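# Just need the structure, nothing else, for what follows:
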Amino acid sequence: MQVTEGPKSGAGDTDEAVYNLIRRAIFSGLLRPGLKLQEPAIARLLNVSRERVRKALQRLTHEKWLDAVPNRGTFIPVPTVEELHAIYDARKILELGVTRQVATRSRMLAVDRLAAHVAREQEAARRDDRSLAFRLSAEFHFLLVELTGNAYLVDMHRGLMQRSSLHFSLFAPAALHECTSHNCAGPHEHARIMQAIVDGNAARAEKLMIRHLDELETLLALRRQKFDFLEIDEAFARLMQQDRERDAQLLAGA
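Residues are numbered from 1 along each chain as shown. Next up, the predicted model:
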């Protein structure tokens, strides 16, 4: 269960591995909101220096995945419902316009990238890889905005999505296919949005996107109580076991 600092791996590779593992643990929804992340304990678990862990935590804090409290430490955030509604208000303003524009210009843009991405999402959901599926779900929305080629929109959207994705990882149902009385709001809806865009049907794409965002906001605002949170060593162990199983599947299929 270690990210080993050895002669075959460069410092940059190790730094990235530490950062990615902690980020995946956050995305997995396995760590309870408010949990303090302690540098010495994480460094021992991963067999790396405290400096590497500190760099990863600082980067994640800058990206709004973690909250740093002066003189207290670094914590898994406890985001509020009020913040959720504010984020989704802003996302709707931006993403509805983007969806309409991309669908209108679908013949001129590389919308086939959306289809390939949706296929990856479906495969992650089939394997019930919650961490990967949730990351790909956020990246679908990133990709949609990137297709506009507008760097200003991309920057604005990235800031919104980083905190929005945190709400999703903490408060979305553990089962990706789970529904509520407010209908399903999972990543599977991306396939219908993608198809409307590929078809150049801007009105349908926009309608599907607003419904998708509305249902996500309603689902996440429920703040369902979870009881399956893990300590960070258990979360790391689970994620690394998933990696080993995925590597074994790849080797078996080679």
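# Now do the domain split for the chain, please.
The chain breaks down by automatic domain parsing into domains covering 11-78+226-253, 81-221.
# Return the most buried member of the ones you listed.
Mean neighbour counts were taken over these using mean count of other Cβ atoms under 10 Å, and the top value, a mean of 18, falls to domain 81-221. In this view, the C-beta of every residue, glycine as well, is placed from N, C-alpha and C.
# secondary structure class for A68?
The three-state label given to A68 by DSSP: H, G, I helix; E, B strand; the rest coil is strand.
# Okay, A235 and G29: tell me how far apart.
When distance is defined by Cβ to Cβ, to the nearest Å, A235 is 10 Å away from G29.
# sorry, back to before: dump the domains of the chain into a markdown table; add mean pLDDT as well.
Listed next are the domains of the chain as a markdown table, based on pLDDT from 0 to 100:
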| stretch | mean pLDDT |
| --- | --- |
| domain 11-78+226-253 | 89 |
| domain 81-221 | 88 |
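# which ones are touching Q38?
Shown in contact with Q38 (Cβ atoms under 8 Å, 6 or more residues apart in numbering): G73.
# likewise P79?
Taking Cβ under 8 Å, 6+ apart, we find P79 in contact with 33, 163, 166-167, 170.
# of those, closest to Y88?
The nearest member of the contacts of P79 to Y88, counting by Cβ to Cβ, is H167 at 9.0 Å.
# For that closest one, list the residues it contacts.
With Cβ under 8 Å, 6+ apart, H167 has these contacts: 79, 83-84, 87, 220.
# Which two among these are spaced furthest apart?
Based on Cβ to Cβ, the longest span within the contacts of H167 runs between E83 and L220 and measures 10.7 Å.
# How about the most centrally placed residue in the chain: what's its closest non-neighbour residue?
Among the residues of the chain, the one closest to the centroid is R135, at 3.2 Å (Cα atoms, centre = their mean). Residue nearest to R135 in three dimensions, not counting chain neighbours: F27, with 5.5 Å by Cβ to Cβ, 6 or more residues apart in numbering.
# May I ask which helix or strand encompasses the closest residue to S28 other than its chain neighbours?
Using Cβ to Cβ, 6+ apart and skipping residues adjacent in sequence, the residue nearest S28 is S131, 4.1 Å away. If you go by DSSP states H and E, S131 is part of helix 130-146.
# Then L114?
Applying DSSP H and E, one finds L114 within helix 112-126.
# Can you give the distance of that helix from its chain's centre?
14 Å (Cα atoms, centre = their mean, to the nearest Å).
# who does it touch, helix- and strand-wise?
Counting contacts by 3 or more Cβ pairs under 8 Å, 6 or more residues apart in numbering; DSSP states H and E, helix 112-126 packs against helix 130-146, helix 190-198.
# Redo the ones you listed as CSV? Include distance to A205.
CSV is the format used below for those (distance: least, Cβ to Cβ, whole Å):
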stretch, distance to A205
helix 130-146, 10
helix 190-198, 4
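# Which stretches in the stretch 1-150 of the chain count as strands?
36-37, 67-69, 73-75 (DSSP state E, counting those that start in this stretch).
# Compare those and give me the one nearest L94.
Evaluated over the strands of the stretch 1-150 of the chain, closeness to L94 peaks at strand 67-69, with 24.4 Å, by Cβ to Cβ.
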